[in-house]
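K.L.:
Need a 3D model of the following:
(chains A, B and C)
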Amino acid sequence: MSTDLRNRLFEQLDSLVLIDPHTHIDAQSPASTNLSEILGYHYYTELAHSAGLPQQQIEAPEITPREKVGLLLNNLEPIQNTIQYSWLIEMCQQFFGFEGDIIDGSNWEQVYDAAQAKMDEPDWAQQVLAQSGLEAVFLTNDFDDALEGFDTSVYIPCLRTDDLVFHLAKDSVRERLEVCTNISIENLGSLTQCLEHLFTHFTRENAKACAISLPPWFVPREVNYGEAETALEQIQSHGEQAAPEHKESMACWVFWKLAELCDEFRLPFDLMIGVNRSVYPGGVYQGMDLYDSRVSLIQYADLFNAFPAVKFPVSVLASVTNQELASYSWIFPNVITNGHWWYSNTPTFIEHDTAARLEAVPQTKQIGYYSDMYKLEFALPKFAMYKRILAKVLAERYVIDRSWSEERAVEFGKRILRGNVETIFNV
Amino acid sequence: MSTDLRNRLFEQLDSLVLIDPHTHIDAQSPASTNLSEILGYHYYTELAHSAGLPQQQIEAPEITPREKVGLLLNNLEPIQNTIQYSWLIEMCQQFFGFEGDIIDGSNWEQVYDAAQAKMDEPDWAQQVLAQSGLEAVFLTNDFDDALEGFDTSVYIPCLRTDDLVFHLAKDSVRERLEVCTNISIENLGSLTQCLEHLFTHFTRENAKACAISLPPWFVPREVNYGEAETALEQIQSHGEQAAPEHKESMACWVFWKLAELCDEFRLPFDLMIGVNRSVYPGGVYQGMDLYDSRVSLIQYADLFNAFPAVKFPVSVLASVTNQELASYSWIFPNVITNGHWWYSNTPTFIEHDTAARLEAVPQTKQIGYYSDMYKLEFALPKFAMYKRILAKVLAERYVIDRSWSEERAVEFGKRILRGNVETIFNV
Amino acid sequence: MSTDLRNRLFEQLDSLVLIDPHTHIDAQSPASTNLSEILGYHYYTELAHSAGLPQQQIEAPEITPREKVGLLLNNLEPIQNTIQYSWLIEMCQQFFGFEGDIIDGSNWEQVYDAAQAKMDEPDWAQQVLAQSGLEAVFLTNDFDDALEGFDTSVYIPCLRTDDLVFHLAKDSVRERLEVCTNISIENLGSLTQCLEHLFTHFTRENAKACAISLPPWFVPREVNYGEAETALEQIQSHGEQAAPEHKESMACWVFWKLAELCDEFRLPFDLMIGVNRSVYPGGVYQGMDLYDSRVSLIQYADLFNAFPAVKFPVSVLASVTNQELASYSWIFPNVITNGHWWYSNTPTFIEHDTAARLEAVPQTKQIGYYSDMYKLEFALPKFAMYKRILAKVLAERYVIDRSWSEERAVEFGKRILRGNVETIFNV
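P.N.:
Purely as a prediction, here's the structure:
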């Protein structure tokens, strides 16, 4: 009974065409050109490495795409239990006509070739978008991205600001900033002009969000002029060798300035809270980051209070922070729950975190899901996973536990999946 | 099958007449006199505000009760998903004959008038108590409450001590204390006499508990005489401008003294751990508080060890602290699990936290639920929510998973719901 | 349907013969000689004490085994709800022919006598192993255990190192170390020789793991020679009166040296993270320890990075740390999830934690369960509890949610239960 109910709700939710509000898609090359770009996703390389495959083999400089796929698919048996592996299988079933449950040494070449035939079709990206029920995806653009050569109503720009906040002490970052804005950074005034230039450029090109990922220790604060001026001088003189307190001052100053600009330019500011970078430096590319779950949104209270007109869609890395996220969204008008990020993007955590949000946060302030994908093929299985869980939670906790009609539950689900993306990001 | 089972268990649990061990009821005006007192509950005002309704409109000084209800019910669409909204609907269905699922601009006036007709009946409070299956409720009394003019066997006094512990530096608090005890605070000796006077007064008037809410940073400790004497001098000289360390010393000294008096007067000491006040000062009345979930019961180990004869019913604000609560109650004879507080009083957290407690804490040391209500009408839907979840957990985790008989599961549930309130608070 | 499915999976999982990878069994006396050794397990004494039975009665010096069992079973009514009580009942049903659900004053003597008759049989331990489906159990041996007089292929030694790391400042510990190695501790060199001697001795006697429990504040680090030499001099001169920083330096140095030896001798190093000792000193034997759940695996990042060839099976005390455990195992090749420890060894936490691990950690890197038992009779009910939960999670989250075949789910479960114990510990 409950399974039938879940399936009925899922079918309804699955019929919706979506906008994916956070991805790492390269608009110049949105879909994969061979299966190696699928298997090269860090989830597969890092899990295969965790299960014993040496980093040197996975990232061998001379390895061909076909060899890399063969290497990985011959070594994924240890991760066939994972949800990430199920994404691969569902994707191959849906896009490439694969009919089994396991891809291994016995059949990977057929899958490789079937995928290649599809990927070689000239409209492959459009096919993937259509079959996935996607009408647009948000990008994650470097601040010096020209944002040219693609349709910004389908590939919607988003200004990623990690480099500006956390790596401005690097000479290369300041140089990139000077080059793309054509402004020389002399002092806080010209630095402000640089940042304004970025916002002008991005919003002119249809950017709909500013975004940043944040380490657990970061506590945003307003830095006074003198402290910030000194910090800027120090990083200009000493680069990355500047004292940590100056780098922290600079990070806070830039972060606060970005919030001011989000206010001025009416851009939501996506905060992705909680990641420690390079915890495992011996890992594969993009497979080195972890976290310290001892973080609290109270660290952001001053920010939320200072910018009541800025919408902050917030993602948290650890499920133990999810209750705070739900509570802060319940109280602060400008805090919005946003998706299920990375280490919390697995079914058990999604289910628990979704259930807690659905019942306590205004339905207008919840963004259900984003794929975080690097290649378009991943939206289908990732959103399918989320929609199945959403259907389960709506079935069990609304239709059964609270006697909602199925129609009402579906309407709620649709708003979480799509409606709020439109209203919150103004797309 | 499981749904039928849950319903059978719920019916049994629901037949019980209860004592509500923690509320904010005003014994002089326990039930609502108009629907505005229902809609004015901070859950509705803060959620409506979070969804976009300005605080200035909600708290407009000239607004009439009818206008306030109209304002809110015309703006609650964004929170119709929340469990708090379901309390409102269930209450209106049960008490006022409302038959729909949604109250909005189209029908709020009928509900308003139907409620008014009921609330105008002279025995409305008694009707609510009877229909809710409530035989008595605990109050939360200011320390200078005269406790006169009501039946203390139905409205059971409880000494709330937040002001004494955390606000004694305010001149107004010390003056209120001097006035109600008729003792001049000269030194620690006379301050002790004041506190003893309160306990004598409250216990004479049938008080059954002392209670306090505590911020996450608080670590109770025994303060020596010299440190406390200095702290008292400082707050008497400088009031709220006294140095933070003196205020912290004073808070610890008063808190410890209260525990000593709970021991002497055999009063349980309700600890409600984890709230940060005024995190969002721009919020509505009672809608400004949040929390930092990085708190541990290890902060209370010295207290629990120092007062083995004092019962400490403990509530935690964040679900991530619930496992510690279950574990500390499993080990310390004087630690008791108490209800599901505030941001953890939503179904997903109640279900998880209840399940964890039921299976690991002695059944004599668990107080299932309190309503925390300000008006009597809320007990019915809040307890109904809890009883449904309790029935679900007992059905799934005891009758199904552990092959308990339904009778045994119901007996266990009844003890959690009522029996323990009697034995722990001696009512 | 789902219940039938769960039962089918359970039957398959239950047919497996297991190796228990962590117990406190005394190989010289592995099974109980009377029911008092069952009821004396700290879970019963501490829960009975928590529910009101005085420690002085439970631990009265003159009490006979029969009296102790009578005392406890006459006073366990308050804990009949707990999962620990269910272990007792299932054990008595399976081993002693008990047919009821409750043991109390009315029937405890029959159970006592029935148990005694069984326990008096000369091959009782072998019977328990056979009936429990156990082929071998890991021990927890003091570093100066001679490891003689038992079959180390059934009772597999494990070097427990808490004393070496956290209590080397005690003269008695250093003396024991000198006696069992016949080496005088003069300096870091001779201390290293002592530790090498232990590893040689243990591995020669078939030890398959080194193990330690760790407090939440501990942050392992490599200590330089000078700091360690000074620390050793200080603890040799002042014993337990040495300054805390010297004791911390010594702890870190010894811990790091143990990791080096695990590397050299190819022994997995079991880390059991998060316990605070003697939080409730008034408790019964082994019923005084609790925890501060504010701990993070980031504290162990340097260790995991420094010893890539050492396998670290990690247990965490609090369920809120489980997501970090799953994530760190997903990224670090040498981090392995290990069982459900102590305060997290109750069904609600096991279910949540198991589900989170199954779907995100390579299936080769998960050790499902260990009993942590002191007497052999506990393996049966504890493993049965775990296998029922594992069957539930596999049924609901794999067969139903992800359409796995039952065969595939069972194969996965068997690897978690047994296969990984063999491969990870090389038994």
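K.L.:
Could you see whether chain B lies near stretch A:336-348?
P.N.:
No. Using C-beta under 8 Å from any C-beta of the partner chain, stretch A:336-348 stays clear of chain B, coming no nearer than 10.1 Å. In short, each C-beta sits where N, CA and C put it, glycine included.
K.L.:
Sort out which residues of that stretch are buried, please.
P.N.:
Buried residues in stretch A:336-348, counted by 16 or more other C-beta atoms under 10 Å in any protein chain shown: A:336-348.
K.L.:
Restricted to strands, list these.
P.N.:
If you go by DSSP state E, those have A:I336, A:T337, A:N338 in strands.
K.L.:
Hmm, the second one is touching A:T364, no?
P.N.:
No. At 11.1 Å, A:T337 and A:T364 do not qualify as touching, with contact defined as C-beta atoms under 8 Å.
K.L.:
Look at A:A231 and report its pLDDT.
P.N.:
pLDDT recorded at A:A231 is 98.
K.L.:
Run through the residues that contact it.
P.N.:
A:V223, A:A242, A:H246, A:K247, A:S249, A:M250, A:W253 (C-beta atoms under 8 Å, 6 or more residues apart in numbering or on different chains).
K.L.:
how about a cut-off of 10 Å?
P.N.:
Contact partners of A:A231, counting by C-beta atoms under 10 Å, 6 or more residues apart in numbering or on different chains, are A:168-169, A:188, A:223, A:242-243, A:245-254.
K.L.:
what do you get for A:F349?
P.N.:
Counting by C-beta under 10 Å, 6+ apart, A:F349 has contacts A:318-320, A:322, A:340-341, A:343, A:389, C:323, C:326, C:352, C:355-356, C:359-360.
K.L.:
what ranges of chain A fall below the confidence cut-off?
P.N.:
Counting by pLDDT under 70, the ranges of chain A that qualify are A:1.
K.L.:
Closest to the centroid, which residue in it?
P.N.:
In chain A, the residue lying closest to the centroid (C-alpha atoms, centre = their mean) is A:D372, at 3.6 Å.
K.L.:
which stretch of helix or strand covers that one?
P.N.:
According to DSSP states H and E, A:D372 maps onto no helix or strand at all.
K.L.:
Does it touch A:N338 like I think?
P.N.:
No. At 11.0 Å, A:D372 does not count as touching A:N338 under the criterion of C-beta atoms under 10 Å.
K.L.:
overlap in contacts of the two?
P.N.:
With C-beta under 10 Å, 6+ apart as the test, A:D372 and A:N338 both reach A:H22, A:M272, A:S315.
K.L.:
Have a look at chain A and report its longest helix.
P.N.:
helix A:244-265 (DSSP state H).
K.L.:
any bit of it sitting next to chain C?
P.N.:
No. Applying C-beta under 10 Å from any C-beta of the partner chain, one finds helix A:244-265 separated from chain C by no less than 17.9 Å.
K.L.:
buried stuff in that helix?
P.N.:
A:246-262, A:265.
K.L.:
So is it next to chain B?
P.N.:
No. In terms of C-beta under 10 Å from any C-beta, no part of helix A:244-265 sits within range of chain B; the closest distance is 15.3 Å.
K.L.:
all strands for chain A, in order.
P.N.:
Along chain A, the stretches classed as strands by DSSP E are A:18-20, A:134-138, A:155-156, A:158-160, A:209-214, A:269-273, A:275-276, A:290-291, A:312-316, A:335-338, A:366-367.
K.L.:
give me the number of residues near A:P308?
P.N.:
As a burial measure, A:P308 scores 12 neighbours (other C-beta atoms under 10 Å in any protein chain shown).
K.L.:
Contact partners for it?
P.N.:
So A:P308 contacts A:D263, A:F332, A:P333, A:N334, B:Y280, B:G282 (C-beta under 10 Å, 6+ apart).
K.L.:
rerun at 8 Å
P.N.:
A:P333, A:N334, B:G282.
K.L.:
So which of these is the closest to chain C?
P.N.:
Distance to chain C across the contacts of A:P308 (C-beta to the nearest C-beta) is lowest for A:N334, with 27.3 Å.
K.L.:
Roughly how far does A:M373 sit from chain B?
P.N.:
For A:M373, the distance to chain B equals 28 Å [C-beta to the nearest C-beta, to the nearest Å].
K.L.:
Just want the phi and psi numbers for that residue.
P.N.:
phi -70, psi 160 (degrees, to the nearest 10).
K.L.:
which ones are touching A:A60?
P.N.:
For A:A60, the contact set (C-beta under 8 Å, 6+ apart) is empty.
K.L.:
I'd like to know how far it sits from chain B.
P.N.:
A:A60 is 43 Å from chain B, where distance means C-beta to the nearest C-beta.
K.L.:
Tally up the residues packed near the spatially closest residue to A:A207 that is not a sequence neighbour, please.
P.N.:
Nearest-residue entry for A:A207: A:P157, 4.0 Å, with adjacent residues in sequence omitted and distances by C-beta to C-beta, 6 or more residues apart in numbering or on different chains. A:P157 has 23 neighbouring residues, counting by other C-beta under 10 Å.
K.L.:
try A:E67
P.N.:
For A:E67, the count of nearby residues is 12 (other C-beta under 10 Å).
K.L.:
likewise A:N322?
P.N.:
Neighbour number of A:N322 under other C-beta under 10 Å is 22.
K.L.:
before we move on, the earlier item: now do the contacts for the residue nearest to the centre of chain A.
P.N.:
A:H22, A:T23, A:H24, A:G339, A:W341, A:W342, A:N345, A:K382.
K.L.:
from memory the second one sits against A:A136, does it?
P.N.:
No. A:T23 lies out of contact with A:A136 (C-beta under 8 Å); the separation is 10.2 Å.
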